[in-house]
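>>> Output the structure for:
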Amino acid sequence: MAAVLLGGLLAFGSPSADANVIDRFKDIYNAPEKLDELQSEFAKAQAALDKAEEQAQEYAQKQLELAEQNEAYRQQNEALLQQNQELLQRLDQLQNDQSERTRFYRKIAASVLVFAGMGLLYIISVRVWRYLAWRRHHRNAADGEGQ
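The predicted structure follows:
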């Protein structure tokens, strides 16, 4: 019985070995088609790689341009900040000059008013003095006539 089993295994084992040899022959026969497939896949992969490299170069160029543009904007921003500081200082100076000019005009106006007030006070005091002198003179004259 063992011999029958061993014989059966050898009988069934042999066609699979023949099938493997036949499959290998078929693979060798179909090798040019597979080679063409592999070459087309390689060409597609190479094209995709070339496209990716080109895009990477474009992105690198774009990034370089943006970096240069950013640097230009930064320098422009610094220049504008400096100009802004200068304008603020100039504005402060002009405001100080304006306030000094306003104080000067107020001092002049106050001085003019003081001198005008003193002149008016002088005129009034002279008038009062003349009136008092006139009144005394008339009172003395009236007292002298009545005696």
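>>> low pLDDT regions in the chain?
In the predicted model, the chain carries pLDDT under 70 at residues 1-19, 25-31, 144-147.
>>> Where do the helices of it begin and end?
Under the criterion DSSP state H, the chain contains helices at 2-29, 31-145.
>>> would you list those helices in a markdown table and tack on mean neighbour count?
(Each C-beta comes from the backbone N, C-alpha and C, glycine too.) Converted to a markdown table, the helices of the chain look like this (neighbours: other C-beta atoms under 10 Å):
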| stretch | mean neighbour count |
| --- | --- |
| helix 2-29 | 9 |
| helix 31-145 | 10 |
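>>> In PDB, list the C-alpha atoms belonging to stretch 35-42.
These are the backbone C-alpha positions of stretch 35-42, laid out as PDB (Å, rounded to 0.1, in the frame of the first residue of the first chain):
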ATOM      1  CA  LEU A  35      10.200  44.000 -21.300                       C
ATOM      2  CA  ASP A  36       8.200  46.400 -23.400                       C
ATOM      3  CA  GLU A  37       5.800  46.900 -20.400                       C
ATOM      4  CA  LEU A  38       8.600  47.500 -18.100                       C
ATOM      5  CA  GLN A  39      10.200  50.000 -20.500                       C
ATOM      6  CA  SER A  40       7.000  51.900 -20.900                       C
ATOM      7  CA  GLU A  41       6.500  52.000 -17.100                       C
ATOM      8  CA  PHE A  42      10.100  53.100 -16.800                       C
END
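>>> how far is that stretch from where the chain is centred?
With C-alpha atoms, centre = their mean, to the nearest Å as the basis, stretch 35-42 stands 53 Å off its chain's centre.
>>> swap in stretch 105-119?
The answer for stretch 105-119 is 54 Å, by C-alpha atoms, centre = their mean.
>>> Distance of the residue nearest the centre of the chain relative to Glu53?
Nearest residue to the geometric centre of the chain (C-alpha atoms, centre = their mean): Asn77, 7.5 Å. Applying C-beta to C-beta, to the nearest Å, the value for Asn77 to Glu53 is 35 Å.
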